[in-house]
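# model the following, please.
(chains A, B, C and D)
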Number of protein chains: 4
Amino acid sequence: MLRVTVWNENIHDKKDSVRAVYPDGIHGAVAAAVKELDDVKVDIATLDQPECGLPDDVLGNTDVLIWWGHVAHHEVPDELAWKVREHVNKGMGFIALHSAHLSKPFKLLMGTSCSLRWRDKEYERVWCVNPGHPIAEGIPPFFELEREEMYGEFFDIPHPESLVFLGWFRGGEVFRSGCCWTRGLGKVFYFQPGHETDNSLNNPHVRKIIRNAVRWAAPANRREKLDCPNPIPAEEMVRHGMDIGWY
Amino acid sequence: MLRVTVWNENIHDKKDSVRAVYPDGIHGAVAAAVKELDDVKVDIATLDQPECGLPDDVLGNTDVLIWWGHVAHHEVPDELAWKVREHVNKGMGFIALHSAHLSKPFKLLMGTSCSLRWRDKEYERVWCVNPGHPIAEGIPPFFELEREEMYGEFFDIPHPESLVFLGWFRGGEVFRSGCCWTRGLGKVFYFQPGHETDNSLNNPHVRKIIRNAVRWAAPANRREKLDCPNPIPAEEMVRHGMDIGWY
Amino acid sequence: MLRVTVWNENIHDKKDSVRAVYPDGIHGAVAAAVKELDDVKVDIATLDQPECGLPDDVLGNTDVLIWWGHVAHHEVPDELAWKVREHVNKGMGFIALHSAHLSKPFKLLMGTSCSLRWRDKEYERVWCVNPGHPIAEGIPPFFELEREEMYGEFFDIPHPESLVFLGWFRGGEVFRSGCCWTRGLGKVFYFQPGHETDNSLNNPHVRKIIRNAVRWAAPANRREKLDCPNPIPAEEMVRHGMDIGWY
Amino acid sequence: MLRVTVWNENIHDKKDSVRAVYPDGIHGAVAAAVKELDDVKVDIATLDQPECGLPDDVLGNTDVLIWWGHVAHHEVPDELAWKVREHVNKGMGFIALHSAHLSKPFKLLMGTSCSLRWRDKEYERVWCVNPGHPIAEGIPPFFELEREEMYGEFFDIPHPESLVFLGWFRGGEVFRSGCCWTRGLGKVFYFQPGHETDNSLNNPHVRKIIRNAVRWAAPANRREKLDCPNPIPAEEMVRHGMDIGWY
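As a prediction, the model looks like this:
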């Protein structure tokens, strides 16, 4: 049983223009996509809930956390952002969608400014540049998004461990649209489509990619705490009574 | 002219046991190594100076910042750590030595806990696993450190973009001892040797590696500010009056 | 159903000293480890079979190919080595064990000499340096091999996309013992333990790692042929009759 | 003194349409760009010379080899391609321009098919996605090529160790246009612009990138032979008469 929590700041979602596209909110659209996986439990958490919907027991029982935020990044307490980072370091998967590139947890995980160029209302082609990657399973060489927000380079992120998708925008920009990293025991995926008034989260390829990413980001191992027991006594490392060290 | 600032918390350095090894302090030993480069200006900054020795104009005029800290990581203000991260994102090089693995700026740049195993007073072999890398220039296949603090895996760092050195310790541990990353426009190098009472910073190979790392981490480009100008007007991207977009 | 082919040159395996350790041959030990997976079909192929046991239909119906070779690398026809490389580029997984570092297919996939240092009859510790990686699932921080052949750096391989294990050897060497790469749509894993007269392939951690690697290397996608259809007609890329290009 | 050899198949270069753009041949244009470096010696080698212009002493005295080929890849003897690979593994830099993506040496270094999509006569924007990289020194956020051959994804190359440039093409494609790898002690750079009848090799940004790449690819270290001395005697690794091993 894979336990997925979809977090959304849930602010745009109250406007008619967004409800028209995502009647159950952005979180609802993402959750619906994920629920098509077998053997998955999907919960919703939003900024307006107590403890932003992410008290310790929720984080501790989440295998993969999906994050959407935009206008209220600053309302997420620093302490919560650090907790998310710590849970990722311990093994929790983290998927940042679209404008979550500037969310506090993502920036803490990256170590960079995560800034980029942008302009709304663009036509995008999403190209697959790593078709053997698990997140690309079942995705064609490219697919189209009729209208999506242009995100353009230079995208200030660390070199991805795997680069899975590139975006082409009609206005003349390119973007590293699907990127993977490891942070501690946790896996991180950033995916660019998902503007609040465009319809990308209903696109079948986008939804498939999110499902693939959830599977990929599921923890292989987890650890209880971040610190190793230290100092390591020499005798623990000496084997079978043989002198390996010089003590 | 390459402008290097060597930062040291300068606390151990006041003890006789450390003075016996590093009469001019750890910073003095590091600075002496760097000064052997041609066309370099080396300054010292320490925790006990005003603004921890790193006011804005010093950071703004530093090409490569070398960092040594251990017992006083917590005395470095968060605000300064974030400034260092920002300067690296804009292009400043950053070299973290030994126990700087737990320094605030390094942890902010990595996005991980940077925890590891440790035990003092070990014999180490440093192996080169990337002999074509600029930081390995002039370094033999391996060299020995008579006594160094064992740092052992699991070292909780992001996958290095280049892994240059591995450490072998007599007690049975291994360590990724020399690691490179890019963060924004800046380059980051972590190097494991350099415990305060061992003598590694006087080792000619260690000193050569620090010099090589300074050259490697020198900025190729810098940027003034972290944000791109946004939103990008479509007309700026339309070329020569031709309609590239559909506006 | 995952289709795994275990290839072995099957030469050492006829000696009593090897039979004593691996009564069913090295291939038998590897196949037994893999068979513990659910929903897997495991076949054996050896050098002394027609077409070295790997005619086109076998390669075409293999999801993951495991390779063990040592003294007879040169007896594998170049043509077969190139075919293996091509199948990997199309999506087949490839796992090279121990002395397969000098096998023709592995060297063709790497683009380097794959040379290393070696000395038999060593005590090894295998350390996990990427505990969140799927190949590390269920593996402790380190495990011991009473006797294994030392393989030491510099190991002339391309920078691994993921480095999962490091080897520590009592004689003073270190080694990148578990390394991952992507080649085309295919995944490649190199794993160092597995000398013919040592007993590592019966070690439960080694066997678990091989199973994990098989799961990891299973193709996400495959392609029929290596070439893209070219040239791409502009009209195919023009969308909805709108002029994207300037034709 | 950096010793650069520019290799060109020199076939298109005899046509009027190419002479009109590159009166001294493609090799002449590339060599002219490189000669603007200080302290560099540039030689030309072409397919129609004895030993394809690359006898052993030329390869042995080349620090960086630049390669341009297109219609005559198959006329380069396999033996020469393997020699180039070996020299790169020993430390020689290698820069593959444009259609050299299908050259024998490049494919041997990559381990993949290096196939891609293409269509001539396109407008391209080259975006910098790693502005801190030495190869990006002095290059703006993007620059334009009025006419260049579109090369599009999926480009079947191994994950670049550094990705420096992305190409945007008016027809709707994207491409990883500037990619870095290490192979052995040698550095490899692939750069997409440079079609024989377009004018990119006279573009000042392209020329600057080629110069930057030459500096970057210059060997830090070289080795004489690919094999390590083996087996390593235990006594060589035992230190100061202390028993490290158990012999």
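
# what residue ranges in chain A score low on pLDDT?
Applying pLDDT under 70 to the predicted model, the residue ranges of chain A that meet it are A:234-247.

# for it, which segments count as helices?
If DSSP state H is used as the criterion, the helices of chain A fall at A:16-21, A:25-35, A:56-60, A:78-90, A:104-110, A:204-217, A:234-237.

# present these as a markdown table; the columns should include distance to residue C:54 and mean neighbour count.
Backbone N, C-alpha and C define where each C-beta goes, glycine included. Rendered in a markdown table, the data for these read as follows (distance: least, CB to CB, whole Å; neighbours: other CB atoms under 10 Å in any protein chain shown):
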| stretch | distance to residue C:54 | mean neighbour count |
| --- | --- | --- |
| helix A:16-21 | 53 | 12 |
| helix A:25-35 | 41 | 21 |
| helix A:56-60 | 48 | 14 |
| helix A:78-90 | 42 | 19 |
| helix A:104-110 | 44 | 25 |
| helix A:204-217 | 31 | 21 |
| helix A:234-237 | 44 | 15 |
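
# can you put the ones you listed in JSON lines and add distance to residue B:184?
Rendered in JSON lines, the data for these read as follows (distance: least, CB to CB, whole Å):
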{"stretch": "helix A:16-21", "distance to residue B:184": "33"}
{"stretch": "helix A:25-35", "distance to residue B:184": "29"}
{"stretch": "helix A:56-60", "distance to residue B:184": "28"}
{"stretch": "helix A:78-90", "distance to residue B:184": "18"}
{"stretch": "helix A:104-110", "distance to residue B:184": "10"}
{"stretch": "helix A:204-217", "distance to residue B:184": "25"}
{"stretch": "helix A:234-237", "distance to residue B:184": "39"}
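
# up against chain D, what does chain A have?
A:125, A:127-131, A:141-142, A:152-155, A:159, A:162-163, A:166-168, A:172-174, A:176, A:242-243, A:246 (CB under 8 Å from any CB of the partner chain).

# what's across from residue A:191 in the sheet?
On the basis of DSSP bridges, residue A:191 takes part in beta bridges with residue A:97, residue A:178.

# strands of chain A, start to end?
Assignment of strands within chain A using DSSP state E yields the ranges A:2-8, A:40-46, A:64-68, A:93-97, A:117-128, A:142-152, A:162-169, A:174-183, A:186-191.

# mean neighbour count for those - can I get that in JSON lines?
Formatted as JSON lines, the strands of chain A follow (neighbours: other CB atoms under 10 Å in any protein chain shown):
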{"stretch": "strand A:2-8", "mean neighbour count": "24"}
{"stretch": "strand A:40-46", "mean neighbour count": "18"}
{"stretch": "strand A:64-68", "mean neighbour count": "26"}
{"stretch": "strand A:93-97", "mean neighbour count": "27"}
{"stretch": "strand A:117-128", "mean neighbour count": "22"}
{"stretch": "strand A:142-152", "mean neighbour count": "21"}
{"stretch": "strand A:162-169", "mean neighbour count": "26"}
{"stretch": "strand A:174-183", "mean neighbour count": "25"}
{"stretch": "strand A:186-191", "mean neighbour count": "26"}
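
# indicate which one of the ones you listed is closest to residue D:96.
Proximity to residue D:96, assessed across the strands of chain A by CB to CB, is greatest for strand A:162-169 (19.8 Å).

# got the contact list for the closest one?
Outside strand A:162-169, the residues within contact range by CB atoms under 8 Å, 6 or more residues apart in numbering or on different chains are A:122-130, A:133, A:135-136, A:150-152, A:173-180, A:191-192, A:209, C:161, C:182, D:153, D:159, D:163, D:166, D:168, D:172-174, D:176.

# how deep is the residue lying closest to residue A:123 once chain neighbours are set aside tucked in, by neighbour count?
Here the nearest residue to residue A:123 in space, its sequence neighbours aside, is residue A:170; by CB to CB, 6 or more residues apart in numbering or on different chains that works out to 4.3 Å. Around residue A:170 sit 22 other residues, with neighbours defined as other CB atoms under 10 Å in any protein chain shown.

# please apply the same query to residue A:101.
By the criterion of other CB under 10 Å, residue A:101 has 25 neighbours.

# then residue A:230?
The number of residues packed near residue A:230 is 12, by other CB under 10 Å.

# so what pairs up with the nearest residue to it once chain neighbours are set aside in the strands?
The shortest distance from residue A:230 to any non-neighbouring residue, by CB to CB, 6+ apart, is to residue B:118 (5.4 Å). Residues found in beta-bridge contact with residue B:118 (criterion: DSSP bridges) are residue B:151.

# contacts only, for residue B:118.
Contacts were defined as CB under 8 Å, 6+ apart; by that measure residue B:118 touches A:230, A:231, A:232, B:149, B:150, B:151, B:152.

# picking that back up, out of the strands of chain A, which comes closest to residue B:187?
Ranking these by their distance to residue B:187 (criterion: CB to CB) puts strand A:174-183 first, at 17.7 Å.

# ok and that closest one relative to strand D:117-128, angle-wise?
Relative orientation of strand A:174-183 and strand D:117-128, computed by axes from the mean of the first three to the mean of the last three CA atoms, to 10 degrees: 70 degrees.

# same for strand A:174-183, what does it pack against?
Of the remaining helices and strands, those touching strand A:174-183 by 3 or more CB pairs under 8 Å, 6 or more residues apart in numbering or on different chains; DSSP states H and E are helix A:78-90, helix A:104-110, strand A:142-152, strand A:162-169, strand A:186-191, strand D:162-169.

# other residues contacting the longest one?
This means helix A:78-90. Taking CB under 8 Å, 6+ apart as the criterion, the residues outside helix A:78-90 that touch it are A:51-52, A:54, A:56, A:59-60, A:62, A:65, A:94, A:103-105, A:108-109, A:183-186, A:188, A:222-226, B:111-113, B:156.

# residue contacts, the closest residue to residue A:136 other than its chain neighbours?
Distances taken as CB to CB, 6+ apart place residue A:128 nearest to residue A:136, at 5.1 Å, with adjacent residues excluded. Residue A:128 is in contact with A:136, A:139, A:140, A:141, A:142, A:164, A:165, D:153, D:154, counting by CB under 8 Å, 6+ apart.
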